[in-house]
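Participant: sequence and predicted structure below; questions after.
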Amino acid sequence: MPVFRARQVAKIRDAIAAGRQAVRRAGIADPVVFARAFVEAEGAQRPDVEDAQAHAELGKQLLSLLAKNPNADSADPDIQRELRRAREQAKWAMLMEDDSVAGFLLQLSADALETPRGEALAHQSFGLGPGIFRKADIPVLQPECDGAVFLPISQHEIES
């Protein structure tokens with residue numbers, strides 16, 4: 001299974017921050033707004049690939065697909081990962097301003113839960129409880145966790 005290297009994770013994390021900031025500035029959970037800032041910050045990355053041109057091409061494909069259809073899907077797992085990231089992070093950015101949202105619960109697929117990394121993530125506490133990330137956290141999941149979703153969760157749900 002391919003993995004993101006440490007440098008790639010750092011680029012992705014910084015680019016997510018830039019994308020979230022762009023969405024908050026725009027005031028709308030638009031995946032295209034997120035993706036533009038994310039790609040400009042060189043966040044589009046193919047795991048285990050060192051070729052900057054391959055990453056740039058991934059970013060171009062992401063922007064092209066989203067411009068045609070914000071709900072687009074792709075058979076290419078790397079493009080699909082970035083499409084999902086753009087949609088999910090655009091929503092996350094807007095929910096950061098929502099006082100009723102305390103954090104985000106990581107929901108992994110059954111396949112991802114079977115991996116050591118996925119199982120550990122699902123049970124790891126980030127301060128709010130197992131698998132719950134704070135609103136300001138910027139999780140970068142490895143490809144083996146593709147298909148994961150982050151569900152907004154209230155303080156009441158955390159305490160229950």
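Facilitator: Structure's in. What do you need?

Participant: Leu151: how many residues sit nearby?
Facilitator: For Leu151, the neighbour count with other C-beta atoms under 10 Å is 13. Where you see a C-beta, it was placed from the backbone N, CA and C, and this is true even at glycine.

Participant: how does this protein divide into domains?
Facilitator: Structural domains of the chain, as assigned by automatic domain parsing, span the residue ranges 6-95, 103-159.

Participant: deepest of those domains, which one?
Facilitator: Of those, the one with the most neighbours on average (mean count of other C-beta atoms under 10 Å) is domain 6-95, at a mean of 18.

Participant: what helix or strand is the residue nearest to the spatial centre of the chain located in?
Facilitator: Closest to where the C-alpha atoms of the chain average out (C-alpha atoms, centre = their mean) is Arg85, at 3.9 Å. For Arg85, the enclosing helix or strand under DSSP states H and E is helix 77-95.

Participant: can you tell me what sits against that helix?
Facilitator: Helix 77-95 is touched from outside by 16, 19-21, 23-24, 28-35, 38, 44, 46-47, 58-59, 61-62, 65-66, 70-74, 101, 104, 135, 143, 146-147, 149-150, 152, with contacts defined as C-beta atoms under 8 Å, 6 or more residues apart in numbering.

Participant: sitting in helices, which of those do you find?
Facilitator: Judged by DSSP state H, the subset of these located in helices is 16, 19-21, 23-24, 31-35, 38, 58-59, 61-62, 65-66.

Participant: in a markdown table, list the domains of the chain along with mean pLDDT.
Facilitator: Shown next, in a markdown table, are those (pLDDT from 0 to 100):
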| stretch | mean pLDDT |
| --- | --- |
| domain 6-95 | 98 |
| domain 103-159 | 92 |
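
Participant: how much space between the residue nearest to the centre of the chain and Ser100?
Facilitator: The span separating Arg85 from Ser100 equals 24 Å under the rule C-beta to C-beta, to the nearest Å.
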